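Q: build the 3D model from these lines:
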Amino acid sequence: MFERSIREDEVRFVVAFGEVIADYSDDFPFASRLMLGFVGGRPLHIVVAVDDRDRRCYVITVYVPDAARWDPDFKTRRLS
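A: Prediction:
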């Protein structure tokens, strides 16, 4: 995320207030989800794994979605 110039406070904001746009319930060792949030008008996608027992979130990856690969709402992948 640092290589992509995405700050920790931006990640925390999206995890706290963003929208879940995909669930990956079969991920191991914890189910994960793809979240979308907008910070300063910039869309961010964050994949977060959730350990429900300890109530912890683990950030797997953070990126700015590519407009060529996502619909304008950044919620749906474009078909190739």
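
Q: C-alpha only now, for contacts and for neighbours.
A: Will do.

Q: in this protein, mark out all the strands, start to finish.
A: All strands of the chain, identified by DSSP state E, fall at 19-24, 32-39, 42-51, 56-63.

Q: which one of the ones you listed lies closest to residue 1?
A: strand 56-63 (5.7 Å; Cα to Cα).

Q: save the strands of the chain as a markdown table, and put in mean neighbour count, mean pLDDT and distance to residue 71 too.
A: Formatted as a markdown table, the strands of the chain follow (neighbours: other Cα atoms under 10 Å; pLDDT from 0 to 100; distance: least, Cα to Cα, whole Å):
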| stretch | mean neighbour count | mean pLDDT | distance to residue 71 |
| --- | --- | --- | --- |
| strand 19-24 | 15 | 96 | 13 |
| strand 32-39 | 20 | 97 | 13 |
| strand 42-51 | 19 | 96 | 12 |
| strand 56-63 | 14 | 94 | 16 |
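
Q: closest to residue 6 out of those strands?
A: Nearest to residue 6, of all those, is strand 56-63, at 7.8 Å by Cα to Cα.

Q: kindly reformat the strands of the chain as TSV containing distance to residue 7.
A: Formatted as TSV, these follow (distance: least, Cα to Cα, whole Å):
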stretch	distance to residue 7
strand 19-24	19
strand 32-39	10
strand 42-51	11
strand 56-63	10
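
Q: which residues touch the residue most central in space within the chain?
A: Nearest to the mean C-alpha position of the chain, counting by Cα atoms, centre = their mean, stands residue 46 at 1.7 Å. Contact analysis of residue 46 by Cα atoms under 8 Å, 6 or more residues apart in numbering lists 11, 14, 15, 34, 35, 36, 59, 60, 61, 62, 63.
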